[in-house]
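1. next come a sequence and a model predicted from it.
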Amino acid sequence: MAFAGSELGLAWAAPFAGLLLSIAVMPLVAPAFWHHHFGKIAAGWTALLLLPFALTFGAGETGHVLVHTLVEEYLPFTILLGALYTTAGGIYIRGNLHGSPALNAALMAVGAALASVMGTTGASMLLIRPLIRANDNRRHNAHVVVFFIFIVSNVGGSLTPLGDPPLFLGFLQGVNFFWTVSHLLPETLFLIGTLLAVFWCIDSWLYRREGVTPVDPTPDAPALGMDGAINLLPLAVAVGLVLMSGTWKPGIVFDLWGTPLPLQALVRDLGLIAVTIASLWLTPAGVRENNQFSWAPMQEVAKLFIAIFLTMVPVIAMLKAGAAGIFAPVAAALDSPWAYFWLTGGLSSVLDNAPTYLAFFNLAGGDATRLMNEGAYVLAAISGGSVFMGAMTYIGNAPNFMVKAIAEQRGVRMPSFGGYLVWSGAVLLPLLFLMALIWMR
């Protein structure tokens, strides 16, 4: 028995809501328990979806959903993330920079520029460690990481399909590679510029108020430099593989239990696995140790996001059902670029932003040629909403979680899920409102 989003009730969203609630609350009320058992908790919520699903729709349809989610969504997502995490983690920026407001803002500006070239994950993994080291002698440094997530892990990736997974999905659907930069450049520059200005004001105030502790836990290195630069080669190959998968169309498609697997996607993913192995092999001894490289952040993302991808299957199906489904009021509200921006963005804050982009892309008609032309304002709103508002919560975009995990591993007392939401609501949301008022009407 095949399932249709139009036939699903709100109860099918309960496991996804429970998973989100667990991610938000348990690290705050039971941090030790969550740290040791988050994988089991995520698996439990997944089972609460899959078991009723199998009983209702049958083992065959459940198997099809599992294969589709793994092959088309989770594995490409995790393999790309792993390749960028591994290659960037093998590059050690030597030297102890000292975290003044100007230096911190400059590092974030560089990261924002890199994010659309090497992806938000690659740019985040390359720069978060030196940024943390630069500020490890300051009493207040969590805000530095929060703004880094806003600017580098999200907004900076809005200009090319290489920057953020939602735009890559649009590229695979037929959106021109340079379309996004030609339609989102003013909005992106506005957000990056204003976020950097707000950050500089906050950081300058804290810097003057706290002073800098006299003992710096990171000793000064002889000179600023880069170790493990050989990883720039596999990193470039990873970017090339992503670009290849959207431009090379050999027309060969394998069928895996009803899920199409194009040859270019298979070559991309196998190539990215090879890139990961090559990075581990090529990185000089000691570089990852100096970088305090750990697989823990990647493991956390991999465990939580398989649960997120699976439990949100019914939610995405109900969204795609449009006026025929339980979210008909959402579909009815999509009457302007403003509505597309806020609805796409609002859901991208709590759903992973890549499938959310795809759901609203389809709700807007799903025709890339039409959307790039007469539907340009709508497509820009969907693209901007999914990328920009992925920064609203830790789970809106995978690099958010990875940066948080690395920062906590380095001793930074990061805000809880709710605490981060206070930051994004107070700082990012008003800027998004102003930006949307100017460009998304």
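-> Perfect, I can see it now.
2. going forward, measure contacts between C-alpha atoms and count neighbours the same way
-> OK.
3. where exactly do the strands run in the protein?
-> Using DSSP state E, the strands of the chain run over residues 92-94, 225-227, 253-256, 259-262.
4. which residue packs closest to the residue most central in space within the chain, ignoring adjacent ones?
-> Among the residues of the chain, Asn397 comes closest to the average C-alpha position under C-alpha atoms, centre = their mean, at 2.5 Å. Nearest residue to Asn397, sequence neighbours excluded (C-alpha to C-alpha, 6 or more residues apart in numbering): Gly390, at 5.3 Å.
5. cool, Ile93 as well?
-> Among residues not flanking Ile93 along the chain, Met226 sits closest, at 4.5 Å (C-alpha to C-alpha, 6+ apart).
6. can you check Arg94 too?
-> Nearest-residue entry for Arg94: Gly225, 4.9 Å, with adjacent residues in sequence omitted and distances by C-alpha to C-alpha, 6+ apart.
7. okay, now that neighbour: neighbour count?
-> Other residues near Gly225 come to 11 when the count uses other C-alpha atoms under 10 Å.
8. contact partners for it?
-> If a contact means C-alpha atoms under 8 Å, 6 or more residues apart in numbering, then Gly225 has 93-95 as its contacts.
9. out of the residues you listed, who's the most crowded?
-> When neighbours are counted as other C-alpha under 10 Å, the busiest of these turns out to be Ile93, with 21 neighbours.
10. show me where pLDDT drops low in this structure?
-> Low-confidence segments of the chain, defined by pLDDT under 70: 1-2, 96, 211-223.
11. check it for its longest helix and report it.
-> Ranked by number of residues, the top helix in the chain under DSSP state H is helix 101-134.
12. give me the neighbour count for Lys320.
-> For Lys320, using other C-alpha under 10 Å, the count is 24.
13. not counting its neighbours along the chain, what's nearest it?
-> Leaving aside its chain neighbours, Lys320 sits nearest to Ala359 (5.6 Å; criterion: C-alpha to C-alpha, 6+ apart).
14. got the contact list for that neighbour?
-> Ala359 makes contact with 316, 319-320 under the criterion C-alpha under 8 Å, 6+ apart.
15. repeat that for Pro355.
-> Applying C-alpha under 8 Å, 6+ apart, one finds that Pro355 lies in contact with 166, 316.
16. distance of it relative to Gly365?
-> The spacing between Pro355 and Gly365, counted by C-alpha to C-alpha, to the nearest Å, is 15 Å.
17. same check on Gln292?
-> Here the distance between Gln292 and Gly365 works out to 47 Å (C-alpha to C-alpha).
18. who has more neighbours out of these two?
-> Neighbours per residue, other C-alpha under 10 Å: of Gln292 and Gly365, the larger number sits with Gln292, 14 against 11.
19. and Val29, how many neighbours?
-> When neighbours are defined as other C-alpha under 10 Å, Val29 has 10 of them.
20. distance of it from Ile308?
-> The span separating Val29 from Ile308 equals 21 Å under the rule C-alpha to C-alpha.
21. same thing with Glu408?
-> Taken as C-alpha to C-alpha, the span from Glu408 to Ile308 is 22 Å.
22. all helices of the stretch 51-200 of the chain, in order?
-> 59-68, 75-89, 101-134, 142-151, 165-172, 179-210 (DSSP state H, counting those that start in this stretch).
23. between those helices, which one is closest to Glu374.
-> helix 179-210 (13.0 Å; C-alpha to C-alpha).
24. now the closest one: buried residues?
-> Buried residues in helix 179-210, counted by 16 or more other C-alpha atoms under 10 Å: 179-180, 183-184, 187-188, 191-192, 195-196, 199-200, 203, 206-207.
25. what's it packed up against?
-> helix 101-134, helix 142-151, helix 376-388, helix 429-439 (3 or more C-alpha pairs under 8 Å, 6 or more residues apart in numbering; DSSP states H and E).
26. ok, residues contacting the shortest one?
-> When you say that, I think you mean helix 142-151. Under the criterion C-alpha under 8 Å, 6+ apart, residues 104, 108-109, 111-112, 128, 132, 192, 195, 199, 203, 391, 399-400, 403-404, 407, 412-415, 420, 423, 428 lie in contact with helix 142-151.
27. between that helix and helix 376-388, what angle do the directions make?
-> With axes from the mean of the first three to the mean of the last three C-alpha atoms, to 10 degrees as the criterion, the two stretches helix 142-151 and helix 376-388 enclose an angle of 150 degrees.
28. between helix 179-210 and helix 142-151, find me the angle.
-> Using the same axes, to 10 degrees, the interaxial angle of helix 142-151 with respect to helix 179-210 works out to 170 degrees.
29. how far off centre is helix 142-151?
-> Taking C-alpha atoms, centre = their mean, to the nearest Å, one finds the center of helix 142-151 at 14 Å from the center of the full chain.
30. kindly report the same for stretch 401-414.
-> With C-alpha atoms, centre = their mean as the basis, the mean position of stretch 401-414 lies at 16 Å from the chain mean.
31. and that stretch, what's buried?
-> In terms of neighbour count (16+ other C-alpha under 10 Å), stretch 401-414 has its buried residues at 401-407, 412, 414.
32. just give me the closest of these to Leu347.
-> Nearest to Leu347, judged by C-alpha to C-alpha, of the buried residues of stretch 401-414 is Phe401 at 17.2 Å.
33. is it true that the closest one touches Ala302?
-> No - contact status for Phe401 versus Ala302: not in contact, 10.6 Å apart, counting by C-alpha atoms under 8 Å.
34. who touches the residue nearest to Leu371 when sequence neighbours are not counted in this structure?
-> Of all residues beyond its chain neighbours, the one nearest Leu371 is Leu379 (5.9 Å), with distances taken as C-alpha to C-alpha, 6+ apart. With contact set as C-alpha under 8 Å, 6+ apart, Leu379 has these partners: 361, 371-372.
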